[in-house]
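K.L.:
Got a sequence here, can you model it:
(one chain, ligands or ions: 1)
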Amino acid sequence: MPSARLPLLLALLLPFASTCFPKQRRFQKFPENFLWGTATASYQVEGAWNADGKGVNVWDTFTHEGGHVVNNETGDVACDSYHKYKEDVQLMKSIGLSHYRFSISWSRILPDGTAASYNEKGMQYYRDLVDELTGNNIIPLATLYHWDLPQPLQDAGGWLNESIISYFEDYARICFQELGSKVKLWLTHNEPFETCWSAYGLGEDAPGYSDHPGTYPYQCAHNLIKSHATVWHLYNIRYRPSHHGKVGITLNVEWKEPKYANQTAAADRSLDFMLGWFANPIYVNGNYPQSMIDQVAMKSAAQGFKESRLPTFTSDEMNYIRGTSDFFGVNHYTTRLVEHHQNSPELVSFVADQDTLETFDPTWPRAASLWLYEVPWGMRKVLNYIRVTYGNPDILVTENGVSDHSGSLNDQFRIQYHSSYIANMHQAIQDGCKVIGYTAWSLLDNFEWALGYSEKFGIHQVNFMDPARPRKAKMSAGWFRELIKNNGQAES
Ligand code: NOJ
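P.N.:
Presented below is the predicted three-dimensional model:
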């Protein structure tokens, strides 16, 4: 055959080649030393709500009050991890996890919230947990605040009262002092957006404030951001030289996809109000995003407020806040479609201030949690948005996961969810994002806040009807073991 015909023949045959020889599935290998972990939070798993001198926190009060949680369920016992932490660590070890993200219950170690009430037994629990983790080669990643504020501090105004900053500093100092020789990764706050919106604006989370949705969320965030910066500086000056650890913050963000190509400004604004609210001060310039400053000032003026409902930072405060994070912690689960929507000027609310409307694509699969649609490509977009907007920081995915109602051991849908989000995270790394680790929510089925035990995110099932709270590995736990062993997965 004349050699000139060869290319033509190949071109004709090539489309059939893939049917005869199925294409090799490419392998998504992750960088060496990539961290694979799972996460929990104190109130959601520990139980032992009044054991060994622990004080009452806002979630104890909120759940015991009744009327706020599905079936009036509580975290009184939860997964009983306070007593079963050794078994939990064995579950982690059997999967080969490199890190475990847990949170410290403030009222367990400082029952009334202040340093004067220090409770040695409560601290011992965290020393034991950390020893158990490090003894099994699992890196502890501790969150200082995952929503369970000591009740006496709430009675004094909680995150609305500026005095919370020095209480938080005292609490952090004790944690750094007592645990810092072994805990090298810290998060100050978990999802401040939820602390300040769901708890102080919407009222779904403890302490359940919903009467001032146009002011409280902003005041809460103002103090919370300062508390974060204060604790980062405390570590930086006092503990970093000897402990050599890292302190960050975990922010939650949904990807905001413009519903219409010509409405990117609305989606950008929505990202600013959710992520930029905290990320802009900490990672950019010490101040709120310009779109927030403009929107809230405009609305406040129209509503007759003497000044903007969004508080202002002094220039000293801005300098103090800017740059106070050693890595970017991000919780990401889902995506929204966003369009512009002009709200009525009378609405005094953090949500109305944004002038946006959020919807979903009806083709997106939905989890048990009504807010959670499976949109894997949102992960890649979020990570790239962080890379571009916040100076290409090291990113640690501190939560990602999916819920069902049954807690079934056969959780193929969960494997599918994690696998597709992890594939997008892999692509983001190829795009240049410096992702250093991934943390699945959650190690265990647990107390899902206002939804109680009705929504389950665990890769292990917990039988909440049995006082012994036995755990069983779901299929997803085995899948994670393989993923971690191979430090990656085959493309699907
Ligand atoms: C974020 C929160 O940090 C965690 O406490 C919660 O259970 C999960 N998302 C799932 O909703």
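
K.L.:
Residue ranges in the stretch 351-492 of the chain under the pLDDT threshold?
P.N.:
Of all residues in the stretch 351-492 of the chain, none has pLDDT under 70.

K.L.:
what are the ranges of the helices in the stretch 251-400 of the chain?
P.N.:
264-271, 277-279, 290-302, 315-321, 377-389 (DSSP state H, counting those that start in this stretch).

K.L.:
How much space separates the closest residue to the ligand within the stretch 201-350 of the chain from Pro289?
P.N.:
Nearest to the ligand, among the residues of the stretch 201-350 of the chain, is Asn331, at 5.4 Å (CB to the nearest ligand atom). The way it works is simple: take the backbone N, C-alpha and C, and place the C-beta from them, glycine included. To Pro289, Asn331 is 19 Å away according to CB to CB, to the nearest Å.

K.L.:
Give me every residue in the protein lying close to the ligand.
P.N.:
Contact residues, the chain versus the ligand (CB under 6 Å from any ligand atom): 41, 44, 190-191, 331, 399, 441, 448, 457.

K.L.:
Could you rerun that using 5 Å?
P.N.:
With CB under 5 Å from any ligand atom as the criterion, the chain meets the ligand at residues 41, 191.

K.L.:
At the geometric centre of the chain, which residue sits there?
P.N.:
Nearest to the mean C-alpha position of the chain, counting by CA atoms, centre = their mean, stands Asn331 at 3.5 Å.

K.L.:
which residues does it bridge with?
P.N.:
Beta bridges link Asn331 to Asn252, Glu399, judged by DSSP bridges.

K.L.:
repeat for Ser103
P.N.:
Thr143.

K.L.:
my guess is Trp106 meets Tyr171, correct?
P.N.:
Yes - counting by CB atoms under 8 Å, Trp106 does reach Tyr171; the two are 5.6 Å apart.

K.L.:
Would you mind telling me which of these two has the busier surroundings?
P.N.:
It is Trp106, of Trp106 and Tyr171, that has more neighbours when counted by other CB atoms under 10 Å, with 27 against 24.

K.L.:
so what pLDDT did that one get?
P.N.:
In this model, Trp106 is scored at 99, pLDDT.

K.L.:
And the residue of the stretch 201-350 of the chain closest to the ligand, how far from Ile165?
P.N.:
Using CB to CB, one obtains 24 Å as the distance from Asn331 to Ile165.

K.L.:
likewise Gln151?
P.N.:
19 Å.

K.L.:
Pick out whichever of those two has more residues nearby.
P.N.:
Gln151 (23 against 19).

K.L.:
List the contacts of the nearest residue to the more buried one once chain neighbours are set aside.
P.N.:
Excluding the flanking residues, the one nearest Gln151 by CB to CB, 6 or more residues apart in numbering is Val56, at 4.5 Å. By CB atoms under 8 Å, 6 or more residues apart in numbering, the contact list for Val56 reads 50, 107, 150-151.

K.L.:
now those residues as CSV including secondary structure?
P.N.:
Shown next, in CSV, are those (DSSP: H, G, I helix; E, B strand; the rest coil):
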residue, secondary structure
Asn50, coil
Ser107, helix
Pro150, strand
Gln151, helix
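
K.L.:
Please list the residues outside stretch 424-435 that contact it.
P.N.:
Stretch 424-435 has contacts (CB under 8 Å, 6+ apart) with 28, 30-31, 34, 376-380, 383-384, 386-387, 392-397, 438, 488.

K.L.:
from the chain's centre, how far out does that stretch sit?
P.N.:
Stretch 424-435 sits 19 Å away from the centroid of its parent chain (CA atoms, centre = their mean, to the nearest Å).

K.L.:
Check stretch 148-166 too.
P.N.:
Chain-centre distance of stretch 148-166: 22 Å, with CA atoms, centre = their mean.

K.L.:
so how far is the first residue of it from its last?
P.N.:
Start and end residues of stretch 148-166 are separated by 17 Å (CA to CA, to the nearest Å).

K.L.:
Now do that stretch: everything it contacts.
P.N.:
By CB under 8 Å, 6+ apart, stretch 148-166 touches 41-43, 55-61, 103, 105-107, 110-114, 167, 195-196, 200, 206-207, 216, 219-220, 223-224, 226-227, 230.

K.L.:
Now do the buried residues in that stretch.
P.N.:
By neighbour count on 16 or more other CB atoms under 10 Å, the buried set for stretch 148-166 is 148-154, 158-161, 164-165.

K.L.:
now swap in stretch 407-415 and tell me
P.N.:
Neighbour counts over stretch 407-415 (16+ other CB under 10 Å) mark 407, 411, 413-415 as buried.

K.L.:
can you check stretch 172-190 too?
P.N.:
Buried residues in stretch 172-190, defined by neighbour count with 16+ other CB under 10 Å: 172-176, 178-180, 182-190.

K.L.:
one step back: need the pLDDT of the residue nearest to Gln151.
P.N.:
Looking at Val56, the pLDDT reads 99.

K.L.:
next one: phi and psi at it?
P.N.:
Reported as degrees, to the nearest 10, the phi and psi values for Val56 are phi -80, psi 140.

K.L.:
wait, doesn't the residue nearest to the centre of the chain sit right on Phe193?
P.N.:
No - the criterion here is CB under 8 Å, and Asn331 misses it with Phe193 at 9.4 Å.

K.L.:
what's the overlap in contacts for the two?
P.N.:
Residues touching both Asn331 and Phe193 (CB under 8 Å, 6+ apart): 251-252.

K.L.:
Need the distance between the two termini of stretch 55-70.
P.N.:
24 Å.

K.L.:
Please determine how far Asp170 is located from Gly458.
P.N.:
According to CB to CB, Asp170 and Gly458 sit 34 Å apart.

K.L.:
Comparing these two, which shows the higher neighbour count?
P.N.:
Gly458 (29 against 17).
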